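In: need a structure here:
(one chain, ligands or ions: 2)
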Amino acid sequence: MRTQVGIIGAGPAGLLLSRLLQLQGIDTVVLENRSRDYVEARIRAGILEEHTVQTLVDAGVGERLQREGLPHDGVYLQYPGVRHHLDFPSLCGRRVWAYGQTEVTKDLISAQLDDGPPLLFGVSDVVPEDVDGDAPRIRFTDADGVPQVLECDAIAGTDGFHGVSRPVVTAGTSGRLWERTYPYAWLGVLADVAPSTDELVYAWHPDGFALLSMRSPSVSRLYLQVDPGERIEDWSDDRIWEALATRSALEGWELQTGPITEKSVLPMRSFVSAPMRRGRLFLAGDAAHIVPPTGAKGLNLAVADVTLLAGALTRLLAEGRSDLVDTYSDRALARVWRCTHFSWWMTSMLHRAGDDFDAELQLAQLRRVCGSEAAARELAENYTGLPVG
Ligand code: APR
Ligand code: PHB
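Out: Ligands and ions are numbered 1, 2, ... in the order given. Predicted structure coming up:
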């Protein structure tokens, strides 16, 4: 088998990269070790920046997103006694969309299987080889158990945090890793109940953070700060609703409850691996970096990476010029660190940890963001997404 760009991993990063390259006339093959059902059932975050929406629409995969996505002009920041609306269009001229990452993935898979390049599910033993030369290859075993070799001009490692690509980059470069684990986790639930607010609510509370989000006019997505070692079995639906109601309480307003259809505990971590390239192997998305979910940057950052990478690979493979691949890692990492800072900042401002001194600092910061247009604009610009450079 031969292709121009071999793509490892069919998450949003790999699938969108394949689509963007296809539109530039570059051949790809996408290799995914899970089944289609598994990939399409994974529940992840659901806030899309304007740039992300525009990229998906321009790539011809935004039709359902434009129909079903919920545009949001802001968020509420809450602390006891206060629920303050930040109006993004007036602060920075942009807005965001609520549309599940699961849905983005389904739209990309269906476009790819419709008229796109090959997408192979259920492969195993994936190994990128000879990435330091101009003719790398990917060895893998296909879904029928037959060993295969995919000869490529370049390889994209879009295989997520637990993939095989990052270790290959790390082993062959004098790279670095940075990691921060947080002393809390999120318990996330999906519930069949209409959202109780028009916009998302990020709530600071002495018991811990709560987030009210949504997936559709009839489905809510809600999160609670819990201990990292928390057992999901200890959280009955009643206990979850009670904690959510307490932490988001506001006079004259009530949280609506309904049947919980899914619940899970999510770890919180920041992680950055540099460089994002070794020879002809390029990392993008969760393979190179993880942000905590506060601020919903994970998917948006993956989209920003592959936008840069698609341009760089097109220049290399269609024009024979390496200038953009040579600067890809530095350009991508500049945005990665900006989003890493923003996600860390939102996370640190909103979650209970430390002592009463820390709590007062958090409240002082929240009052500042709610009371100062300059401070609110800083949040709004980052939340809605800075331009991809
Ligand atoms: N071979 C082939 N595929 C692999 C391998 C492997 N060895 N290891 C992992 N994969 C697949 C995973 O099964 C998954 O489908 O790679 C894909 C990686 O997808 P994601 O984890 O979704 O990562 P990414 O595409 O970078 O998406 C960015 O946005 O909201 C955030 O963290 C969230 O996943 C999300 C991310
Ligand atoms: C979500 O809807 O899943 C979501 C929204 C905002 C966040 C994180 C997750 O900051």
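
In: residue 293 is in contact with residue 270, correct?
Out: No - shown here, residue 270 and residue 293 do not form a contact pair, counting by CB atoms under 8 Å, at 11.0 Å. In short, each C-beta sits where N, CA and C put it, glycine included.

In: measure the residue in the stretch 51-200 of the chain positioned nearest to ligand 2 to ligand 1 for me?
Out: Ligand 2 sits closest to residue 200 of the stretch 51-200 of the chain, with a gap of 5.8 Å, by CB to the nearest ligand atom. Counting by CB to the nearest ligand atom, to the nearest Å, the gap from residue 200 to ligand 1 is 16 Å.

In: residue 258 now?
Out: Relative to ligand 1, residue 258 is positioned 25 Å away (CB to the nearest ligand atom).

In: which residue is the nearest non-sequential neighbour of that residue?
Out: residue 193 (2.8 Å; CB to CB, 6 or more residues apart in numbering).

In: could I get the contacting residues of that neighbour?
Out: Residues near residue 193 by CB atoms under 8 Å, 6 or more residues apart in numbering: 218-220, 256-259.

In: what residues does the stretch 51-200 of the chain have near ligand 1?
Out: 101, 126, 158-160, 162-164 (CB under 6 Å from any ligand atom).

In: ok so, going back, residues in a beta bridge with the residue of the stretch 51-200 of the chain closest to ligand 2, which ones?
Out: residue 75 (DSSP bridges).

In: ok, it to residue 91 distance?
Out: 16 Å (CB to CB, to the nearest Å).

In: before we move on, what about residue 314?
Out: Going from residue 314 to residue 91 by CB to CB gives 35 Å.

In: which parts of the stretch 1-150 of the chain are strands?
Out: Remark: strands assigned in the stretch 1-150 of the chain by DSSP state E, counting those that start in this stretch are 5-8, 28-31, 47-49, 70-72, 74-79, 82-87, 96-98, 119-120, 124-129, 137-141, 147-151.

In: confidence score at residue 389?
Out: pLDDT, residue 389: 64.

In: that older thread, now the strands of the stretch 1-150 of the chain as a markdown table including mean neighbour count, mean pLDDT and distance to ligand 2?
Out: Shown next, in a markdown table, are the strands of the stretch 1-150 of the chain (neighbours: other CB atoms under 10 Å; pLDDT from 0 to 100; distance: least, CB to the nearest ligand atom, whole Å):
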| stretch | mean neighbour count | mean pLDDT | distance to ligand 2 |
| --- | --- | --- | --- |
| strand 5-8 | 28 | 98 | 26 |
| strand 28-31 | 24 | 98 | 25 |
| strand 47-49 | 26 | 95 | 5 |
| strand 70-72 | 16 | 95 | 10 |
| strand 74-79 | 22 | 98 | 8 |
| strand 82-87 | 16 | 98 | 13 |
| strand 96-98 | 23 | 95 | 6 |
| strand 119-120 | 18 | 97 | 26 |
| strand 124-129 | 16 | 98 | 29 |
| strand 137-141 | 19 | 98 | 32 |
| strand 147-151 | 15 | 98 | 34 |
